Each structure stands twice: as C-alpha cells, then as structure tokens.
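Undergrad: 3D model of this:
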Amino acid sequence: MIGNLLPFLMFGILAAAILAKPLSKQKLVSMPVALVLLGFLSSEIWVSIGRDTGLRWEILRDLVFYLLLPVLIFEAAVNINVRQLRRDGLLVFSLAVPLLMVATLLTAFVIDTLIGGMLGNTWALAILCGAMISATDPTTVGAILNGKHSRIRVVGILEGESLINDATTITLFIMISSLLTIPGYDLDLLEFAGRFSLVLTGSVLVGLFLGWLFDLIIRPLNDVVLTTSATLVLAFISFWASEHILGWSGVVSTLSAGLTIAWLQRKDLNEEDVAFAFSSWRILGFLADAMLFFLVGMSITIEMFQLHWVAMLVGVLAGVISRATIVFLGAGLLSRLPRQRRLTLREQNLMLWGGIRGAVAIALALSLSIDIPNWYTIQSMVYGVAIFSLVFQAPVFSHLSAQKFATR
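TA: Residues are numbered from 1 along each chain as shown. Purely as a prediction, here's the structure:
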C-alpha cells in the first residue's frame, strides 16, 4: 500500500515547492492550509474514481513516528537560537514542562466536563486529548514571520517552548496511548508521573551522550558534507537507541542530541563552517512538513465534521482556555520574579496567539492507534483544533506581531 501512497507524498512536496514563494506574501492563506486543502481534494478525486490512496493506520504510524517526527524535532533543535533560549531559560522550561502539564490537565478537565460521555467518561482519554491539543509548533511562528524579527524576545520564547514541549507531549502521548491499549488498565497518576520523569531524564542523558560522541567523531573531519551526513545518522540513531533498545522516549533523545551537537559545533567552530550542515536540515524539515500536512488533507473526510463538530468546538475552547491560563497566570507571573525580565501584557497576548497547534499535534492524531476507544472522535477533535489554529490563530498572530514590531 505504501506504493499507492508515495505519489501523493511526492505531489505534496512538489506543491509545497511551487507554492512556497507566492504564499509567503499572503497573510490569510498559509502553506499548511494550502497543503491540507490540496491533500483533501486530491484524495477525494482519487477515491471517487475507484482508486486506493494507500492510507492505512500502520503505514501512517510508521511514517510519522520513524521518519517525519525525528526529522522535524532534530531540524528545530539544530537551528534554534540557543543564546536566546538560555536567556529566558526559566520561562521556556516552565512553559514547556510544568506549565504544559497544567495545560494538559486543564484541557482534559474541560473536555471531560463538557463531552466526557463521547469519550466513555474515561479520564485517561481526556488526558490523552489534553496532551495532543497542548502541543505547539516550533516552525509555524518562524514561517509566519518569514524569518523576520527572529531576535525578538517573544519569538525566541515561543520557539524554545514549542521545541521542548513537543518532545514532552510526544512522550506523554506514547506512554498514555500504550496504556490505553491494555484492557482494564486504570491510570494511576502518581505512578505515571514517576515513570514519566524517569523516561524524560534517561532520554535526555542518552541524547546528551550521543550528541557529544558524534561531535568528537565529526569535529576532526572538517567537511560540511560529512558533517551533514553524520548529523542525519545522529537524528535517527538517537531516536532508535532510546525508543527501541532502552524503551524510553526517542523524540526526547533526538531533541537532546540535536541541541547538544549544535551547541558544541557552534561553540568551537566558525559559524560559516557549520551553517551549511545545519541549513541543510531546513530542507529536510521543509520536506517533512510538506508530507505531513498533505497527509492530513488526505485523511480528512466530510463525515468527520458532520459527526464530530461538537468535539472539535470543545477542543478549541479547551485549548484557548488552557493556553490563556499558562500564559497569563503562569509565564506572566514567573516573569515578575527577581532577575527575570517582565513580560508586558502585549507580549503575553502575543504568546497566547503564538501558541499555534500544527505539525506535532497533527502527527500524533495521524498515528493514533485504532485500538484506542473513540479514536476517531479524538482524531477529529485534534484536527479541528489544528485547523482552527492554522486558519484563524495564525493570521491573528501575524496581525498582532506586525503591530508589535512596527512600534519598536
């Protein structure tokens, strides 16, 4: 079936390449939205003439988890502004880990309160929804601003938060979804929290070690092609070693490895010497994004909106409430601590609308196991949140950021 799916993936990449420049000048229509629409139309036409698209859960799970996610996470890690990340480290870490947990639980509470019956009144399913909806996208903010204002503080905080909370969210998703496939399992929050902390810590250490080891190997080579090739191996070997050998989180190890090797390379080498290797990852990230959003369009059906529009609306409401809570009552208050630069209300408003749900939330929805109860309702809800975020939230953020930066 992968042979049937391959032409669609290639068409998605081609469409992204053709549309990239004209869409960069548009404020209302973004690349992800265009790719989702094209994916939907192409699959509908293909099915209407009696052909098979090749979409299967097993294929989507393997494609997303073992190819697209490692590329997206590693690319964001090696190209992030590490200095800016360290400057607001407290806010970034707080938003990406403890406040993300708050957002997940709050989102789950709203969902369980309003539509718990649709999920079988299962708290674990509500938490799974909360984790998926709370994931923000590290690439969308930069794409909206077209590379401008990359040194603005709020942009750096959003990108750093999104990068780390993606790894945290994916770890949560994998752990919860695996438990939900065990018949009769009852979620113990304390036991789960202990296991989650262990997995995060171990995965970070694996990534740190492999990033350090690969830096030792490629530093004497002094060759940009070999460096690019080695970092490609590092992205997948860190994921594989942590996920399949140790049973920990592959994405966290990939993130940790990417940050480590990027910091070590830039620390001792000239920026021009490493620019080619890390810029090459932007191409890989572009390809992964194109395939992912095109797959989303292919998997969307009209029935999804007809049957689950209530779940979509509740997901959007829960996502906005939880995001506003962790920004205004979380990050806003933390920025008032000693030695922290205070966030203004305008900056907090930018952070609210800049928490855009995109690639990772969609990737998790695509890879959702059909063995999980009410999986289609959950997938529809996450799709609805992501579409709202890309169609409405992204233009609002673009408008607000234009006003913000125009006054500087």
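
Undergrad: Give me the spatial nearest neighbour of residue 264, chain neighbours excluded.
TA: Spatial nearest neighbour of residue 264, excluding adjacent residues (CB to CB, 6 or more residues apart in numbering): residue 215 at 4.3 Å. In this view, the C-beta of every residue, glycine as well, is placed from N, C-alpha and C.

Undergrad: any idea how far the one you found is from residue 227?
TA: 10 Å (CB to CB, to the nearest Å).

Undergrad: Residue 57 too?
TA: 37 Å.

Undergrad: mind listing what the residue nearest the centre of the chain touches?
TA: Nearest to the geometric centre of the chain sits residue 360, at 2.9 Å (CA atoms, centre = their mean). By CB atoms under 8 Å, 6 or more residues apart in numbering, residue 360 lies in contact with 69, 72, 135-137, 166, 169-170.

Undergrad: Let's see that with 6 Å instead.
TA: Shown in contact with residue 360 (CB atoms under 6 Å, 6 or more residues apart in numbering): 135, 166.

Undergrad: the more surrounded of residue 57 and residue 227?
TA: Using other CB atoms under 10 Å, the more surrounded residue of residue 57 and residue 227 is residue 227, with 25 against 15.

Undergrad: can I assume that one is in contact with residue 219?
TA: No. Using CB atoms under 6 Å, residue 227 makes no contact with residue 219, being 9.0 Å away.

Undergrad: which stretches of this protein have low pLDDT?
TA: Along the chain, the model assigns pLDDT under 70 to residues 1-3, 24-28, 84, 138-152, 183-187, 268-277, 402-408.

Undergrad: now with 50?
TA: By pLDDT under 50, the low-scoring segments of the chain are 149-150, 406-408.

Undergrad: Please enumerate the strands of it.
TA: For the chain, no strands turn up when DSSP state E is the criterion.

Undergrad: circling back to that earlier point, how close does the residue nearest to residue 264 sit to residue 267?
TA: Distance of residue 215 to residue 267, given as CB to CB: 9 Å.

Undergrad: Could you check which of these two is surrounded by more residues?
TA: Higher neighbour count among residue 215 and residue 267: residue 215, with 23 against 9, using other CB under 10 Å.

Undergrad: Verify the stated contact: the more buried one with residue 266.
TA: No. Using CB under 6 Å, residue 215 makes no contact with residue 266, being 10.7 Å away.

Undergrad: wait, what's in contact with residue 342?
TA: Remark: with contacts taken as CB under 6 Å, 6+ apart, residue 342 is in contact with 335-336.

Undergrad: got it, and residue 118?
TA: Per CB under 6 Å, 6+ apart, neighbours of residue 118: 311, 377.

Undergrad: how about 8 Å then?
TA: 310-311, 374, 377.

Undergrad: So which of the residues you listed wins on neighbours?
TA: residue 311 (27 neighbours).

Undergrad: Identify the residue spatially nearest to that residue, adjacent ones excluded.
TA: Using CB to CB, 6+ apart, the closest residue to residue 311 is residue 381 (4.4 Å).

Undergrad: try residue 74
TA: In this structure, residue 74 finds its nearest non-sequential neighbour in residue 235, 3.8 Å apart by CB to CB, 6+ apart.

Undergrad: what's around the one you found, how many residues?
TA: Residue 235 has 27 neighbours, counted by other CB under 10 Å.

Undergrad: if I look at it, how far off is residue 133?
TA: Distance from residue 235 to residue 133, by CB to CB: 26 Å.

Undergrad: do the same with residue 227
TA: 37 Å.

Undergrad: Could you count how many residues lie near residue 391?
TA: Other residues lying near residue 391 total 15 when counted by other CB under 10 Å.

Undergrad: Was I right to think it contacts residue 34?
TA: No. The criterion here is CB atoms under 8 Å, and residue 391 misses it with residue 34 at 11.2 Å.

Undergrad: Residue 54 is in contact with residue 299, correct?
TA: No. Using CB under 8 Å, residue 299 is not in contact with residue 54, being 11.6 Å away.

Undergrad: So those two - more neighbours on which side?
TA: residue 299 (21 against 17).

Undergrad: Tell me how far that one lies from residue 44.
TA: 12 Å.

Undergrad: repeat for residue 361
TA: Residue 361 is 23 Å from residue 44, where distance means CB to CB.

Undergrad: hey, what's in contact with both of residue 227 and residue 219?
TA: Residues touching both residue 227 and residue 219 by CB under 8 Å, 6+ apart: residue 265.
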